[in-house]
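Asks: give me a 3D structure for the following:
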Amino acid sequence: MMSGEIILDGSRGEGGGQILRSSLALSMATGRPFRIHRIRAGRKKPGLMRQHLTCVKAAARVCSARVEGDELGSLALTFRPGPMIPGRYSFSVGSAGSSTLVFQTLMPALLTTGSAFEMTLEGGTHNPAAPPLDFLDRVYLAALRRMGVSAAISVERRGFFPNGGGKWTVAVSPSNALVPLHLPERGRMLSQKAKVLWNRIPPQEPERARAHLSGSLGWDPADIETEEAVDSPGPANVILAELRYEHITEMVTAFNPFGATPEALCEGLMADVRRYRESGAPVGWRLADQLLLPMALGAGGSFRTMPLSNHTRTNIETIGLFLERRIEAREADGGSVDITVPAG
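Replies: Model (predicted):
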């Protein structure tokens, strides 16, 4: 455990909820209290929204923290953690807010206990501004398994923006000391496939999206499927493209603002797929910021990624404040960036 209160400006970096979520995880794991002001100052609706408040209350429950400012719309928060208490927990966002971000707030800190734990979460599972549940399972947890983490996700129902209503559980087994994660290259390509998830929209629309993806990407039509998300309480229109390599899996997602054509939805996804493939980097820009916390709180490691996002830069800065050690980001060939995370 380290001592000393950390003072944070929530308007720094990406100016959203990232700095709050990362600070909660780091505070829980290190025992260091923090105060944050100007929460989400860079957003149209600043302050704590429902999903951010759920993160705060969930973190406080897991470590018996004393909290001030934990209310909707709050622009400032003080968080004083107690000891971590792994076990079985249930948390509900109570809206279409992202349940996956609640999970990613708690997961890195709970891993440091080495104990088994389980979380059941309710809320949005597929939100435009958060990692979808498929990404957590196929990409994020796949990378953590290389570190020695044993985790499994079970889904009762999915909840798509803007209705939400999803419910799912993640169970994590006890772990020995985590091992460093090193991802310098992708390795050979094993498969590429896509899925169009839909519900309560005209059935010809997912078929149009499937045809457009096949024609424009040149993928085998057999590798592009459509699935009616009958478990969802609301409408759905999401495309997931998965690229699986020997050492890493990447997933690119497109969410349809209802009213856009299926072809327009596909164009954005295809641009992201091409950007990732052409970069040559194994770790996509979304996964990069998500790996930093479990690596920094665990055995460290290194990886090559795409040009850094504001989320990744914010995480690097925040981790440095709590752990007082430097994550190195060095430019590599072709605009890629090599990240080195020292062990805890």
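Asks: so what's Ser175 up against?
Replies: 111, 114, 148-150 (Cβ atoms under 8 Å, 6 or more residues apart in numbering). Where C-beta positions appear, they are placed from N, C-alpha and C, glycine not excepted.
Asks: to clarify, my last question referred to Val172.
Replies: 107, 110-111, 116-118, 149-151.
Asks: what is the rounded mean pLDDT of whatever helix or strand Gly123 lives in?
Replies: Applying DSSP states H and E as the criterion places Gly123 in strand 117-123. Strand 117-123 carries an average pLDDT of 97.
Asks: quick one: list the elements packing against that strand.
Replies: The contact analysis (3 or more Cβ pairs under 8 Å, 6 or more residues apart in numbering; DSSP states H and E) places strand 117-123 against strand 88-92, helix 99-111, strand 166-172.
Asks: among these, which is nearest Ala65?
Replies: For the helices and strands packed on strand 117-123, the distance to Ala65 is smallest for helix 99-111, at 11.3 Å, taking Cβ to Cβ.
Asks: quick revisit: highest average neighbour count across the helices and strands packed on strand 117-123?
Replies: Among the helices and strands packed on strand 117-123, helix 99-111 has the highest mean neighbour count (mean count of other Cβ atoms under 10 Å), at a mean of 24.
Asks: what is that one packed up against?
Replies: Using 3+ Cβ pairs under 8 Å, 6+ apart: helix 99-111 touches helix 18-30, helix 50-63, strand 117-123, strand 166-172, helix 285-296.
Asks: low-confidence ranges, the chain, go.
Replies: 1-3, 257-258 (pLDDT under 70).
Asks: can you rerun that using 80?
Replies: 1-3, 95, 256-259, 344 (pLDDT under 80).
Asks: would you map the helices across it?
Replies: 18-30, 50-63, 99-111, 133-135, 141-145, 204-217, 262-279, 285-296, 310-323 (DSSP state H).
Asks: please tabulate these in JSON lines, including the columns distance to Gly165.
Replies: Formatted as JSON lines, those follow (distance: least, Cβ to Cβ, whole Å):
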{"stretch": "helix 18-30", "distance to Gly165": "22"}
{"stretch": "helix 50-63", "distance to Gly165": "14"}
{"stretch": "helix 99-111", "distance to Gly165": "10"}
{"stretch": "helix 133-135", "distance to Gly165": "13"}
{"stretch": "helix 141-145", "distance to Gly165": "23"}
{"stretch": "helix 204-217", "distance to Gly165": "21"}
{"stretch": "helix 262-279", "distance to Gly165": "22"}
{"stretch": "helix 285-296", "distance to Gly165": "24"}
{"stretch": "helix 310-323", "distance to Gly165": "27"}
